[in-house]
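Trainee: my questions concern the predicted model and sequence given below.
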Amino acid sequence: MSAQDAGHPDFQKIFESLPNQYIIVTPDRTIVAATDTFLASTGKSREAIVGMDILDAFPDNPDNPDAKGTEIDCVNVIGAH
């Protein structure tokens, strides 16, 4: 009997269908989950990004060698917790 069959909610499906754009990243920057709206806004598929380092999945502008936006954002978020 699955958790759904026992009357337990499927939290992964609930998270994935949230109306806002969310992504869950571990402290080592590995993407573990993303909402459907996040994926739609980035043009990425869940299969393509889950398990990847967020800096590899969403690199800075390759035309700007000085770009550090994604890296700085990750440090700010991880460092804040």
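Mentor: Thanks, I have it. Residues are numbered from 1 along each chain as shown.
Trainee: got the residue ranges for the strands in the protein?
Mentor: Ranges of strands in the chain, per DSSP state E, are 23-25, 31-34.
Trainee: what lines up beside the shortest one in the sheet?
Mentor: It refers to strand 23-25. Here strand 23-25 has these sheet partners by DSSP bridges: strand 31-34 (antiparallel).
Trainee: got a list of contacts for the partner strand?
Mentor: By Cβ atoms under 8 Å, 6 or more residues apart in numbering, the residues outside strand 31-34 that reach it are 12, 15-16, 22-26, 44, 46, 49-54, 57. Every C-beta, even on glycine, is put in place using the N, C-alpha and C of the backbone.
Trainee: select, out of the strands of the chain, the one closest to residue 66.
Mentor: Closest to residue 66 of those is strand 23-25 (Cβ to Cβ; 23.8 Å).
Trainee: average pLDDT for that closest one?
Mentor: For strand 23-25, mean pLDDT rounds to 91.
Trainee: buried residues, that strand. List them.
Mentor: 23, 25 (16 or more other Cβ atoms under 10 Å).
Trainee: so how far is it off the chain centroid?
Mentor: 4 Å (Cα atoms, centre = their mean, to the nearest Å).
Trainee: same check on stretch 40-60?
Mentor: 7 Å.
Trainee: who is the most centrally placed residue in the chain paired with across the strands?
Mentor: Geometric centre of the chain, nearest residue: residue 23, 3.0 Å, by Cα atoms, centre = their mean. Following DSSP bridges, residue 23 is listed with bridge partners residue 34.
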